[in-house]
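# sequence unknown, structure follows:
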Ligand code: PLP
């Protein structure tokens, strides 16, 4: 809970900065050098970037040289999906907008979206068919954990199918990192996107992890930084913050899994009080922190506003970056009708969440449901 008594349950939108990350960034504010400079100031700054790179690499289970820093998860998704011009890009239907929009459009775009099953997991039989029908080399983008439902995707299986057809696999692990123990190698990924602000770090810094030897075309040119793959003087503060957050995320991964007990209680008590409500993706494996609740007929936006008035912050399941609400493409892909796809909220817990926060949410949400005649 924040000092003014507000409850923040929107960790999938962005996480509060962890105090140790803030301390590392404040200390880094005294660094003067440009990491590209050869003098002692520059070398000190370079060391800070190198240490952060090693920490992010450890989080993904790769060598530091496999990590490229970017300006966001969005940029990393764009670099991955626009960096291999000879390949047909295939994306799952539930990817984040930054992956959906980055995939170069083709005339058969609709047929290239990998569908998901009603439980929210990617349809691997459909993937086999799509890969077989794709002429030439492909690049498949499948996220590890969905940002709206938390549903964990069968990335290792998808990677095996992709590799059997000569395709590469890109995994957007933005919502999984720090919430789920995984490694780049065990997932069989060729490319992976991470973002600092979803794991207790600052916004405005992300990373693309690359299999050794894989060289995407640069999106941003004009300097030798990041092995010429991402020009521009490094965001030293952001990178240092990312490194500190990655280090903590590895240490605290068990605590992140413990959030399941809190999330499960929230869902149990919400459904007991409001029997019409449903939890999306509940039959699939999910990351421990995320709950997508549908209250049919009550727009997600109405629920979010009612909760906000009670001092509880969550997102509409379908909120996009402009703050506007549209029916959720994720729930639509799971086969939900337009009413359900517009009636979802996403409650996402994190390192600041406790039982009191869940109690505050439940009291406020049950009141919203009653006022709407749903409980
Ligand atoms: N991928 C997923 C799954 C996300 O949830 C987000 C952010 O919400 C992004 C990518 C984009 O990351 P960033 O905010 O760093 O651009």
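Sure thing, it's come through. Since the structure is predicted, the reported quantities are computational estimates derived from the model, not experimental observations.
# How many residues are close by the closest residue to the ligand within the stretch 51-200 of the chain?
Nearest residue of the stretch 51-200 of the chain to the ligand: residue 73, at 2.6 Å (C-beta to the nearest ligand atom). Bear in mind the C-beta positions are built from the backbone N, C-alpha and C, glycine included. Residue 73 has 27 neighbours, counted by other C-beta atoms under 10 Å.
# mind checking how far it is from residue 12?
When distance is defined by C-beta to C-beta, to the nearest Å, residue 73 is 12 Å away from residue 12.
# Now list whatever residues contact both of these two.
Contact criterion C-beta atoms under 8 Å, 6 or more residues apart in numbering; residues shared by residue 73 and residue 12: residue 198.
# surely the residue of the stretch 51-200 of the chain closest to the ligand meets residue 173?
No. At 9.2 Å, residue 73 does not count as touching residue 173 under the criterion of C-beta atoms under 8 Å.
# Need the residues touching each of the two.
What both residue 73 and residue 173 touch, as defined by C-beta under 8 Å, 6+ apart, is the set 193, 194.
# who's in contact with the residue lying farthest from the centre of the chain?
For the chain, the C-alpha farthest from the mean C-alpha position belongs to residue 39; by C-alpha atoms, centre = their mean, that distance is 37.7 Å. Counting by C-beta under 8 Å, 6+ apart, residue 39 touches residue 33.
# how far away is it from the ligand?
Counting by C-beta to the nearest ligand atom, to the nearest Å, the gap from residue 39 to the ligand is 32 Å.
# Equivalent analysis for residue 338, please.
23 Å.
# From what I see, that residue and residue 327 are in contact.
Yes. Counting by C-beta under 8 Å, residue 338 touches residue 327, with 5.3 Å between them.
# out of these two, which sits in the more crowded spot?
residue 327 (20 against 11).
# quick one: residue 53 and residue 69 touch, right?
Yes. Contact criterion C-beta under 8 Å: residue 53 and residue 69 qualify, at 7.2 Å.
# and those two? which has more neighbours close in?
residue 69 (27 against 23).
# tell me the secondary structure for the more buried one?
strand (DSSP: H, G, I helix; E, B strand; the rest coil).
# Pull up the residues of the stretch 201-350 of the chain that are close to the ligand.
residue 206 (C-beta under 6 Å from any ligand atom).
# Which segments of this structure make up each domain?
Here the domain parsing of the chain from automatic domain parsing is 7-17+254-371, 19-252.
# How far does the first one stretch from one end to the other?
Start-to-end span of domain 7-17+254-371 (C-alpha to C-alpha, to the nearest Å) is 21 Å.
# what do you get for the last one?
End-to-end distance of domain 19-252 (C-alpha to C-alpha): 14 Å.
# Which pLDDT value belongs to the residue nearest to residue 198 when sequence neighbours are not counted?
In this structure, residue 198 finds its nearest non-sequential neighbour in residue 174, 5.4 Å apart by C-beta to C-beta, 6 or more residues apart in numbering. Residue 174 carries a pLDDT value of 98.
# Residue 320 now?
58.
# Same question for residue 329.
Residue 329 is given a pLDDT of 95.
# how deep is it tucked in, by neighbour count?
Around residue 329 there are 18 residues (other C-beta under 10 Å).
# What's the separation between it and residue 120?
12 Å.
# show me the contacts for residue 113.
Residue 113 touches 90, 91, 92, 93, 333, counting by C-beta under 8 Å, 6+ apart.
# How about the contacts made by the third one?
When contacts are counted by C-beta under 8 Å, 6+ apart, residue 92 is found next to 113, 114, 115, 116, 122, 141, 142, 143, 153.
# Wait, the second one touches residue 90, no?
Same thing as residue 114. Yes. Using C-beta under 8 Å, residue 114 makes contact with residue 90 at a distance of 6.1 Å.
# Quick check: neighbours shared by these two?
Counting by C-beta under 8 Å, 6+ apart, the residues touching both residue 114 and residue 90 are 130, 140.
# burial of residue 244, as a residue count?
27.
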